[in-house]
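*Asks:* Below are the sequence and a predicted model for it; my questions follow.
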Amino acid sequence: MNKQLLLSEFLTTPWALMPERLQAMAGVLSRWQAGDLPSEETMLQVNADRLIRESRKQFASANAGAGIAVLPMYGVVTQRGNMVDDISGPGSTSTQQFAAALRQVLADETVGQILIDIDSPGGSVYGVAELAAEITRARTQKPVIAVANSLAASAAYWIGCAASELYVTPGGEVGSIGVWQAHFDYSKALEEDGVKPTLISAGKYKVEGNPYVPLDAEAQAFMQSRVDDYYDAFVKAVAKGRGVSVAEVRDGMGQGRVLGADAALAQKMVDGIATFDEVLTQIQKKARASQVKGATRLAQARASLVLV
């Protein structure tokens with residue numbers, strides 16, 4: 001029962017995450033709660049995944065070229081860090097840590113363009129709107145390009161839409177525009193185990209939605225209102241970022257499903273289909289062109305000073 005209650009607590013938080021990924025994470029948390037150690041095979045896979053993503057980060061940064069900063073967004077998105085680092089596939093990304101890295105490259109005068117490398121199924125809604133707003137503001141200072149390489153789902157798509165341009169790899173997917181949470185009623189199971197919880201609380205709604213009693217209509221309506229509020233913010237952010245109407249987002253763009261590259265492009269969810277290397281090459285060309293223009297303007301300025 002302890003495992004079930006942990007699962008209940010975990011899933012009652014509003015998530016902008018592919019449901020199957022959240023279920024997998026919850027399963028691992030349940031095993032942790034039970035004291036079940038991961039198998040040697042699992043740990044080997046975890047360490048292999050960690051090495052792969054570190055190599056991926058290093059390769060992208062090493063090949064970005066002068067004036068380009070690559071910011072990785074891999075795995076489940078959480079507000080404060082790596083609580084799911086070993087259980088979410090390709091690791092996790094903290095919105096707070098990502099925002100700090102973004103501010104650092106914005107302040108770096110040697111960086112002219114920013115490339116966000118996204119491979120994420122989404123995550124917690126907490127901190128996502130704030131990070132998306134930071135990226136939107138960053139666009140006014142430097143170009144910010146994002147690539148779904150190979151997945152930008154839910155919260156990760158929300159964040160990606162804040163970039164100046166958003167691309168998806170040919171075999172990639174984007175979308176999963178939606179928010180969800182769950183309630184588990186364990187009252188009957190507890191009764192069968194001979195357990196009768198008594199909650200001592202202050203505040204009319206303090207224990208509303210707890211897993212020890214069936215969910216009543218009023219509590220369900222409030223939970224639905226929370227999900228609706230986050231969904232409204234999500235939809236408005238996508239509409240603003242993609243330059244479309246709110247209705248186009250609500251009535252199209254997968255309606256909660258992830259879409260492949262061609263379907264996503266057809267519904268204006270991305271600006272184009274390209275591999276990460278192709279997008280990087282395009283950015284490098286722009287950087288070189290900008291450097292040439294800057295050198296030309298500097299030469300003209302020097303020439304005018306000589307003439308004076």
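*Replies:* Sure, I can see it.

*Asks:* can you pull out the strands in the stretch 101-250 of the chain?
*Replies:* For the stretch 101-250 of the chain, strands defined by DSSP state E, counting those that start in this stretch occupy the ranges 113-120, 122-124, 144-153, 165-168, 173-175.

*Asks:* What lies in contact with the third one?
*Replies:* Pointing back at strand 144-153 there. Here strand 144-153 makes contact (Cβ atoms under 8 Å, 6 or more residues apart in numbering) with 17-18, 113-122, 135, 138, 156-157, 159-160, 162-169, 171-176, 258, 270, 274-276, 279, 283. (Each C-beta comes from the backbone N, C-alpha and C, glycine too.)

*Asks:* now with 6 Å?
*Replies:* 18, 114-119, 121-122, 135, 138, 160, 163-169, 172-174, 176, 258, 276, 279 (Cβ atoms under 6 Å, 6 or more residues apart in numbering).

*Asks:* now do the second one
*Replies:* For strand 122-124, contacts defined as Cβ under 6 Å, 6+ apart pick out 16-17, 76-78, 153-156.

*Asks:* do the fourth one as well
*Replies:* Residues from elsewhere that reach strand 165-168, judged by Cβ under 6 Å, 6+ apart: 145-148, 160, 174, 261, 264, 270-274, 279.

*Asks:* what about 8 Å?
*Replies:* Against strand 165-168 from outside (Cβ under 8 Å, 6+ apart): 143, 145-148, 152, 160, 174, 241-242, 261, 264-265, 269-274, 279.

*Asks:* Give me the distance between residue 69 and residue 162.
*Replies:* According to Cβ to Cβ, to the nearest Å, residue 69 and residue 162 sit 16 Å apart.

*Asks:* related to what we said a few turns ago, how about TSV for the strands of the stretch 101-250 of the chain, with mean neighbour count, mean pLDDT and distance to residue 227 added?
*Replies:* TSV is the format used below for those (neighbours: other Cβ atoms under 10 Å; pLDDT from 0 to 100; distance: least, Cβ to Cβ, whole Å):
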stretch	mean neighbour count	mean pLDDT	distance to residue 227
strand 113-120	25	96	21
strand 122-124	28	91	13
strand 144-153	27	96	17
strand 165-168	26	98	25
strand 173-175	27	97	18
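
*Asks:* And the ones you listed: which comes nearest residue 223?
*Replies:* Smallest distance to residue 223 across the strands of the stretch 101-250 of the chain (Cβ to Cβ): 16.1 Å, for strand 122-124.

*Asks:* Tell me what the closest residue in space to residue 168 that isn't next to it in sequence is bridged to.
*Replies:* Excluding the flanking residues, the one nearest residue 168 by Cβ to Cβ, 6 or more residues apart in numbering is residue 148, at 4.2 Å. Residue 148 has the following beta-bridge partners by DSSP bridges: residue 118, residue 168.

*Asks:* so can I have a markdown table of the strands of the stretch 101-250 of the chain showing distance to residue 94?
*Replies:* A markdown table is the format used below for these (distance: least, Cβ to Cβ, whole Å):
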| stretch | distance to residue 94 |
| --- | --- |
| strand 113-120 | 12 |
| strand 122-124 | 10 |
| strand 144-153 | 17 |
| strand 165-168 | 21 |
| strand 173-175 | 22 |
